[in-house]
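Student: Below are the sequence and a predicted model; questions follow.
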Amino acid sequence: MSRPLVVAIVGPTASGKSALADELAVRLATSVISVDAMQVYRGMDVGTAKTPVEERRAPLLMIDVADVGDDYSVRLFQRGARVCIDDLLCAHRLPILCGGTGLYLNAVVDRMEFPAGATESPARERYERYLEQEGSEALYALLSARDPASAALIHPNNTRRVVRALEMLEGGVSYAEHHKGLHECKPFYDARIFGLAMSRERLYRRINERVDLMMEQGLLAEVEALLDRGLGSSATARQAIGYKEILDYLDGVCSLDEAVETIKTRSRRYAKRQLSWFRRDGRVSWLDMDAMDTFAAADAVLESLGERD
């Protein structure tokens, strides 16, 4: 039995994914489903590069579905995104997924199951207390000592995942072993995945320019406003690149200029990890964005799908 068709636009941060997905959605009279772990949070707009409402030509789904203080998860995203996909399919519209969070994409288009579990477990509470008392470096060092293979796969600042890896280890499961299967899942949908690629120099320049633009658009004010809504105590949202660094500035850890430079550095490193993730997926057809603009890229996607107009 054939699986329903979905299209996904992926790639590193600042590569132009949103513009291409929006252009495709307009041409196909459909909607875009965001696949971004941080765009799900209400109020996290500037720092996550959400397309402003007035600039969206097609509906943008799976954004603003959680508050910054919520315990949101990939399991909840999988459920919500599949509802959006199935609604579009029932309306005879081709779903277009767009984003750079590889795990979230795989969770939606592949057969992956995530146990519900308890919101809090004794082990998780213990490691979260350890994090609060000893700090992120000590927490990461603990994981490195107990499960170096898993530590190598997790960024030290991703404290929620470090806690999760330690929690899994107590249950007899290595995060590293679990991670091996993430790229070996059986398809849930027939996903036609298109990745955006460009020279490293151009990508890094776009990333730096985007961060400068975020500051001009009010990232500092956005973070300050979100503090009243629970950003500071959030286990996940506060770790987002852009927000963590501004919080450090507000806490007096660094100057504003230092925070901005750190955002740029971490964004560039994140882009490298995104590319590594998607390059492991043999389904991705890469588009050379050094050789084409958004409109030419949309033509190429539609031609590949057999729907060029």
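Tutor: Arrived safely. Keep in mind it's a predicted model, so treat the numbers as computed, not measured.
Student: Give me the contact list for stretch 283-298.
Tutor: Residues external to stretch 283-298 that are found in contact with it (CB atoms under 8 Å, 6 or more residues apart in numbering): 10, 15-16, 19-20, 23-24, 27, 191-199, 202, 278, 300-301, 304. In this view, the C-beta of every residue, glycine as well, is placed from N, C-alpha and C.
Student: could you pull out the strands for the stretch 201-309 of the chain?
Tutor: Counting by DSSP state E, counting those that start in this stretch, residue ranges of the strands within the stretch 201-309 of the chain are 284-288.
Student: Poorly predicted segments of it, please.
Tutor: Across the stretch 201-309 of the chain, the ranges flagged by pLDDT under 70 are 307-309.
Student: ok, now with 90
Tutor: Along the stretch 201-309 of the chain, segments meeting pLDDT under 90 span 232-239, 307-309.
Student: ok, which stretches of it are helices?
Tutor: Along the stretch 201-309 of the chain, the stretches classed as helices by DSSP state H, counting those that start in this stretch are 219-227, 243-250, 256-279, 294-305.
Student: before we move on, what about the stretch 1-150 of the chain?
Tutor: Under the criterion DSSP H, counting those that start in this stretch, the stretch 1-150 of the chain carries helices at the ranges 17-28, 74-90, 102-109, 122-134, 136-146, 148-151.
Student: need those in TSV with distance to V53 and mean neighbour count, can you?
Tutor: Putting those into TSV (distance: least, CB to CB, whole Å; neighbours: other CB atoms under 10 Å) gives the following:
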stretch	distance to V53	mean neighbour count
helix 17-28	12	23
helix 74-90	18	17
helix 102-109	22	23
helix 122-134	36	14
helix 136-146	35	15
helix 148-151	40	17
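Student: To V162, which of these lies closest?
Tutor: Nearest to V162 among those is helix 136-146 (5.4 Å), distances taken as CB to CB.
Student: tell me what that closest one is packed against?
Tutor: When contacts are defined as 3 or more CB pairs under 8 Å, 6 or more residues apart in numbering; DSSP states H and E, helix 136-146 sits against helix 122-134, helix 148-151, helix 159-170.
Student: angle of that helix against helix 159-170?
Tutor: Interaxial angle of helix 136-146 relative to helix 159-170 (axes from the mean of the first three to the mean of the last three CA atoms, to 10 degrees): 30 degrees.
Student: Only the C-alpha atoms, please, for helix 136-146, written as PDB.
Tutor: Output for helix 136-146, consisting of C-alpha atoms alone and laid out as PDB, is shown next (Å, rounded to 0.1, in the frame of the first residue of the first chain):
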ATOM      1  CA  SER A 136      26.000  22.600  33.300                       C
ATOM      2  CA  GLU A 137      29.700  21.900  33.000                       C
ATOM      3  CA  ALA A 138      29.600  19.500  36.000                       C
ATOM      4  CA  LEU A 139      26.500  17.800  34.700                       C
ATOM      5  CA  TYR A 140      28.200  17.200  31.300                       C
ATOM      6  CA  ALA A 141      31.300  16.000  33.000                       C
ATOM      7  CA  LEU A 142      29.200  13.400  34.800                       C
ATOM      8  CA  LEU A 143      27.800  12.100  31.600                       C
ATOM      9  CA  SER A 144      31.200  12.100  30.000                       C
ATOM     10  CA  ALA A 145      32.500   9.900  32.800                       C
ATOM     11  CA  ARG A 146      29.600   7.500  32.700                       C
END
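Student: what's the angle between it and helix 122-134?
Tutor: Between the axes of helix 136-146 and helix 122-134, defined by the same axes, to 10 degrees, the angle is 130 degrees.
Student: wait, I33 sits on C98?
Tutor: Yes - using CB atoms under 8 Å, I33 makes contact with C98 at a distance of 7.1 Å.
Student: so what's S18 up against?
Tutor: In this structure, S18 makes contact with V32, A49, T51, C98, judged by CB under 8 Å, 6+ apart.
Student: any idea how far it lies from L94?
Tutor: Using CB to CB, to the nearest Å, S18 is found at 17 Å from L94.
Student: and if you look at A29?
Tutor: As defined by CB to CB, A29 lies at a distance of 9 Å from L94.
Student: Show me which of these two is the more surrounded one.
Tutor: Comparing A29 with L94 by other CB atoms under 10 Å, the one with more neighbours is L94, at 19 against 11.
Student: Spit out the contact partners of the residue nearest to A66 when sequence neighbours are not counted.
Tutor: Beyond its immediate neighbours in the sequence, the residue positioned closest to A66 (CB to CB, 6 or more residues apart in numbering) is Y72, lying 4.3 Å away. Residues counted as contacts of Y72 (CB under 8 Å, 6+ apart) are V40, Y41, V65, A66, T236.
Student: from these, which would you call buried?
Tutor: Among the contacts of Y72, the ones that count as buried by 16 or more other CB atoms under 10 Å are V40, Y41, V65, A66, T236.
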